[in-house]
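Novice: Dropping a prediction and its sequence here:
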Amino acid sequence: MLYLDQANLLITGSWDSTIKVFDCKDETSILRIMTGGHQESEITCLVYSETLGLLASAALNGLIAIWDFDMGKLEQILIGHENCEVTCL
């Protein structure tokens, strides 16, 4: 889970392989759901680069997904460690 203070956004990664972006001003508002980066594997960690506007997510299946955060678009999938979970970025 990540909190982007300046944008007042909460980003969560889940067991169902989805990334959800919430507007903290409106606690019931899901701004975006991002899918397709982890082949149905649980997301274990997230990191955001404000400078590049990229979000990286990692999962139990060893994949690391790079997302264009503003567009919610999957840019690239990297293999972290084959057959090993990635737990930090």
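Specialist: Yes, it's here. Residues are numbered from 1 along each chain as shown.
Novice: quick one: the strands in this structure?
Specialist: 2-4, 9-13, 19-23, 30-34, 43-49, 54-59, 63-68, 73-79 (DSSP state E).
Novice: List the beta-bridge partners for the residue nearest in space to the middle of the chain.
Specialist: Nearest residue to the geometric centre of the chain (Cα atoms, centre = their mean): Ser57, 4.2 Å. Judged by DSSP bridges, the bridge partners of Ser57 are Leu46, Ala65.
Novice: Settle this for me: it is touching Leu74, isn't it.
Specialist: No - contact status for Ser57 versus Leu74: not in contact, 9.7 Å apart, counting by Cβ atoms under 8 Å. Quick note: C-beta positions are derived from backbone N, CA and C, even for glycine.
Novice: Identify the contacts common to the two.
Specialist: Here Ser57 and Leu74 have Gly37, Ala65, Trp67 as joint contacts, going by Cβ atoms under 8 Å, 6 or more residues apart in numbering.
Novice: And for the last one, the neighbour number?
Specialist: Pointing back at Trp67 there. 22 (other Cβ atoms under 10 Å).
Novice: Could you check how many residues crowd around Gly72?
Specialist: Neighbours around Gly72, by other Cβ under 10 Å: 15.
Novice: Would you tell me which of the strands of the chain gets closest to Glu85?
Specialist: Closest approach to Glu85 among the strands of the chain is made by strand 43-49 (6.3 Å; Cβ to Cβ).
Novice: So which elements touch the closest one?
Specialist: With contacts taken as 3 or more Cβ pairs under 8 Å, 6 or more residues apart in numbering; DSSP states H and E, strand 43-49 sits against strand 2-4, strand 9-13, strand 54-59.
Novice: possible to save those as TSV with mean pLDDT and distance to Arg32?
Specialist: Putting the helices and strands packed on strand 43-49 into TSV (pLDDT from 0 to 100; distance: least, Cβ to Cβ, whole Å) gives the following:
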stretch	mean pLDDT	distance to Arg32
strand 2-4	93	13
strand 9-13	94	9
strand 54-59	95	11
